[in-house]
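K.L.:
okay, sequence plus prediction incoming.
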Amino acid sequence: MFSFHQEIDEFLPFLYFIITLFFVWFLLNFLYMPTGNKNLPPSPSKLPVLGNLHQLSALTHRSLQSLAKTYGPMMLLHFGNKPTVIVSSAYAAKEIMKTRDLIFANKPDSSVTRRLMYDGKDVSVAPYGEYWRQLKSICVLQLLSNKRVQSFRSIREEETDLLIKKVSGNISVTSSPVNLSEMFSSLANDVICRAALGRKFSEEGSGKKFLNLLREFSELLANLSVGEFIPWLSWIDRVSGFKTRVDKVAKELDEFLEEVIQGCLDAGQDLSGKAVQNASTENFLDILTTIYKDKTSGVSIHRDSIKGILVDVFVGGTDTTSAVLEWTMTELLRHPKIMTELQNEVRSILNGKPNINDNDLEKMHFLKAVIKESLRYHSPVPFLARIASQDVQIMGYNIAAGTMILINSWAISRDPESWEEPEKFQPERFLNSSIDFRGTDFQLIPFGAGRRGCPGISFAMATIEFTLANLVQKFDWKLPNGEKGEDLDMTEYPGVTVRRKKPLLAVATEYCFNCR
Ligand code: HEM
């Protein structure tokens, strides 16, 4: 028979265990106090050290969208030790990018962005202020204004013509599919290189290397560096090879840009070796180097500023533009009825005329609706990042100075509060709607909004509209091997820009203008 003391003796270790557990739980709760009592946005519970990092998948925009379904349009997460507010509604986005735009005019920086973006000497991560303002206005005036974009018409025409010839050439040799993803990347890069540098690189061995460098660059920017969020674990970045990759890409891109700039600086010649004749034939790099050399202009830019701006233009403009082309063609191939409707519009407006001009494009309302729907359904840059520069209240929640803000523009453009049947690809929704993507309608912000909004919208749209109109006018398209639209692999590949994981392959047949 057990005595009372015997029972107590046996129970004691268990009791100690329970008390210890309770103490640890209390300590952790104290250290990582739930945020509700400071009127902070709702938070999912977090782990010590990791915070909420374990709740993120590689496709962060999707994991944060599903967390927002539980915690609401403004939630506070901890990426390691970094408090981060995730914004997933049009209303909250407007509060940040319009109502309180000035407080949120700075971008977060990290050791990776500093290393890759010339220590903030570019436009996209430069601290908000006079230097950023000067750089951005140089970009807009000299490369991205409507007038400049119009002046690049012949570049777009020549490069699209080459793309069409590649597709036609492929049809005459073999009826095998063409790799549209690869073609769109080259096209976007060639158009930007010619407009910015006066030449392109795709025809040289260095062209492919340059494109791969840009792709890796964008991947590294989107990667979570462990040391950034958990400083005492920064050794993991060295052991995993992440830091070495960052250094290698930064070094190789710098060498490439240095060569390009030096080529331009040498003897006031442009990159093709010709002396620069007059301002109208100058390319963007000529203008940047002139400002760099002219110390009397009142604008002072360093050599690293030129490199930073070029990185912005290539990284910001190449992958994004080709991603939009890639996703739009993907959706057209998945929805043959929409493809036919678009072809009917384009072909009837052109009425047998082979060349498309800006007036024709203006009339193509369905084309514009298809592109808008593609930007909504596959918002190419899923996150817009900001830093709160002072304590502020948004939607009644307190946000402390220094908090990182991630606006999930991907989730906002699929939010059922703003969109009917958001998971369906329906270009018609834009036909009788004034909603646009230029940063005034916060349910559709693929180019961001406010002071830090994208300055390259007109440049990108001119290339996208012209290329798509030509492709659907001149060819009929289908998926290879009789594949059905609904079977097409739609897996996304994460990065600053979300691309298709697998390249888009499609079979083209030449459209016969005289046969109808
Ligand atoms: C479809 C194509 C493009 C998309 C989807 C896109 C998207 C974006 C987004 C989302 C931002 C951040 C905006 C924000 O935080 O509010 C941005 C910024 C920027 N983009 Fe684009 N972009 C595209 C094309 C281009 C092109 C063609 C260029 C230049 C040639 C360019 C240059 C820039 C620059 C310099 C910034 C930084 C602006 C700043 O921080 O003030 N983008 N872009």
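P.N.:
Now that the structure is in, tell me what you want to look at.
K.L.:
up against the ligand, what does the stretch 201-350 of the chain have?
P.N.:
Those residues of the stretch 201-350 of the chain that sit near the ligand, judged by CB under 6 Å from any ligand atom, are 312-313, 316-317, 320-321, 324. The C-beta positions use only the backbone N, C-alpha and C, and glycine is treated the same way.
K.L.:
so which of these are in helices?
P.N.:
Per DSSP state H, helices hold the following members of these: 312-313, 316-317, 320-321, 324.
K.L.:
pull the number of nearby residues for L59.
P.N.:
Per other CB atoms under 10 Å, the neighbour tally for L59 reads 16.
K.L.:
that one and E492 touch, don't they?
P.N.:
Yes - L59 lies in contact with E492 (CB atoms under 8 Å); the separation is 5.8 Å.
K.L.:
touching both of the two, which residues are there?
P.N.:
V498 (CB atoms under 8 Å, 6 or more residues apart in numbering).
K.L.:
list the contacts of Y377.
P.N.:
Contacts for Y377 were tallied using CB under 8 Å, 6+ apart; they are 327, 331, 413-414, 425.
K.L.:
so how far is S57 from I412?
P.N.:
I412 sits 19 Å away from S57, going by CB to CB, to the nearest Å.
K.L.:
over to R376?
P.N.:
Relative to S57, R376 is positioned 22 Å away (CB to CB).
K.L.:
of those two, which one has the most company?
P.N.:
Counted by other CB under 10 Å, R376 and S57 do not tie: R376 has more neighbours, with 27 against 11.
K.L.:
tell me how far the nearest residue to K502 once chain neighbours are set aside lies from the ligand.
P.N.:
The spatial neighbour of K502 that comes closest, neighbours along the chain excluded (CB to CB, 6 or more residues apart in numbering), is D489 at 5.3 Å. Distance, D489 to the ligand, by CB to the nearest ligand atom, to the nearest Å: 23 Å.
K.L.:
close enough to count as contact, D489 and L505?
P.N.:
No - D489 is not in contact with L505 according to CB under 8 Å; the separation is 10.4 Å.
K.L.:
let me see the ranges of the strands in the stretch 51-200 of the chain.
P.N.:
For the stretch 51-200 of the chain, the strands defined by DSSP state E, counting those that start in this stretch cover 74-79, 82-87, 178-179.
K.L.:
what does the stretch 1-150 of the chain have sitting close to the ligand?
P.N.:
So far as CB under 6 Å from any ligand atom goes, the stretch 1-150 of the chain lies against the ligand at 123-124, 136, 139, 144.
K.L.:
so of these, which ones are in helices?
P.N.:
Those of these lying in helices (DSSP H): 136, 139.
K.L.:
widest-spaced pair of the residues of the stretch 1-150 of the chain next to the ligand?
P.N.:
Using CB to CB, the two most remote members of those are S124 and L144, lying 13.3 Å apart.
K.L.:
for the residue of the stretch 51-200 of the chain found nearest the ligand, give me phi and psi.
P.N.:
Across the stretch 51-200 of the chain, the shortest distance to the ligand (CB to the nearest ligand atom) belongs to S124, at 3.7 Å. Torsion angles at S124 (phi, psi; degrees, to the nearest 10) stand at phi -70, psi -30.
K.L.:
check contacts around I309.
P.N.:
122-123, 135, 138-139, 288 are the contacts of I309 under CB under 8 Å, 6+ apart.
K.L.:
that one: helix or strand, and which one exactly?
P.N.:
helix 303-334 (DSSP states H and E).
K.L.:
ok so, going back, could the strands of the stretch 51-200 of the chain be laid out in TSV, adding mean pLDDT, distance to V49 and mean neighbour count?
P.N.:
TSV is the format used below for these (pLDDT from 0 to 100; distance: least, CB to CB, whole Å; neighbours: other CB atoms under 10 Å):
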stretch	mean pLDDT	distance to V49	mean neighbour count
strand 74-79	97	10	22
strand 82-87	97	12	23
strand 178-179	96	44	18
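K.L.:
among those strands, which comes closest to S418?
P.N.:
The nearest among the strands of the stretch 51-200 of the chain, by CB to CB, is strand 82-87 at 13.3 Å.
K.L.:
how about the nearest residue to L361, chain neighbours excluded?
P.N.:
Closest to L361 by CB to CB, 6+ apart is E465, at 5.2 Å.
K.L.:
can you get me a residue count around the one you found?
P.N.:
20.
K.L.:
can you pull out the low-pLDDT segments for the stretch 301-450 of the chain?
P.N.:
Within the stretch 301-450 of the chain, no range satisfies pLDDT under 70.
K.L.:
for the ligand, what's the nearest residue on it?
P.N.:
G448 (2.0 Å).
K.L.:
now do the contacts for that residue.
P.N.:
97, 381, 384, 409, 439, 454.
K.L.:
hang on, it is in a strand, isn't it?
P.N.:
No - under DSSP: H, G, I helix; E, B strand; the rest coil, G448 falls outside any strand and is assigned coil.
K.L.:
can you report phi and psi for it?
P.N.:
phi 70, psi -160.
K.L.:
T320 versus that one, what's the distance?
P.N.:
In this view, G448 and T320 are 11 Å apart by CB to CB.
K.L.:
go on, K94?
P.N.:
Plainly put, K94 is 23 Å away from T320 if you go by CB to CB.
K.L.:
same thing with F242?
P.N.:
F242 is 24 Å from T320, by CB to CB.
K.L.:
which one of the two has more residues nearby?
P.N.:
Taking neighbours as other CB under 10 Å, F242 and T320 compare with T320 leading, 22 against 18.
K.L.:
list the contacts for the more buried one?
P.N.:
Taking CB under 8 Å, 6+ apart as the contact definition, T320 lies against 380-381, 460, 497.
K.L.:
confirm E420 sits in a strand?
P.N.:
No - per three-state DSSP, E420 lies outside any strand segment and is coil.
K.L.:
please verify my assumption that it contacts R429.
P.N.:
Yes - judged on CB under 8 Å, E420 makes contact with R429 at a distance of 7.2 Å.
K.L.:
neighbour count: those two, which is higher?
P.N.:
Between E420 and R429, counted using other CB under 10 Å, R429 has the larger neighbour count: 18 against 8.
K.L.:
now the more buried one: closest residue in space that isn't a chain neighbour?
P.N.:
Leaving aside its chain neighbours, R429 sits nearest to E373 (6.8 Å; criterion: CB to CB, 6+ apart).
K.L.:
figure out how far the strand or helix carrying the one you found is from the centre of its chain.
P.N.:
Of the helices and strands defined by DSSP H and E, E373 is found in helix 365-377. Relative to its parent chain, helix 365-377 has a centroid offset of 17 Å by CA atoms, centre = their mean, to the nearest Å.
K.L.:
do the same with stretch 182-191
P.N.:
On CA atoms, centre = their mean, the centre of stretch 182-191 falls 16 Å from the chain's centre.
K.L.:
do stretch 227-240 as well
P.N.:
For stretch 227-240, the distance from its own C-alpha centre to the chain's C-alpha centre is 25 Å (CA atoms, centre = their mean).
K.L.:
so what touches that stretch?
P.N.:
By CB under 8 Å, 6+ apart, stretch 227-240 touches 49-51, 53, 79-82, 110-112, 225-226, 242-244.
K.L.:
and those, which is closest to D360?
P.N.:
V112 (43.8 Å).
K.L.:
E219 is in contact with that closest one, correct?
P.N.:
No - applying CB under 8 Å as the test, V112 and E219 come out as separate, 11.1 Å apart.
K.L.:
the two - which one has more neighbours?
P.N.:
The residue with more neighbours, out of V112 and E219, is V112; 21 against 18, by other CB under 10 Å.
K.L.:
now do the contacts for the more buried one.
P.N.:
Residues near V112 by CB under 8 Å, 6+ apart: 220-221, 223, 225, 228, 246.
K.L.:
lowest-confidence one in these?
P.N.:
Lowest in pLDDT among the contacts of V112 is N223, which has 80.
K.L.:
just give me the neighbour total for that residue.
P.N.:
18.
K.L.:
and if you look at C515?
P.N.:
Residue neighbour count, defined by other CB under 10 Å, stands at 5 for C515.
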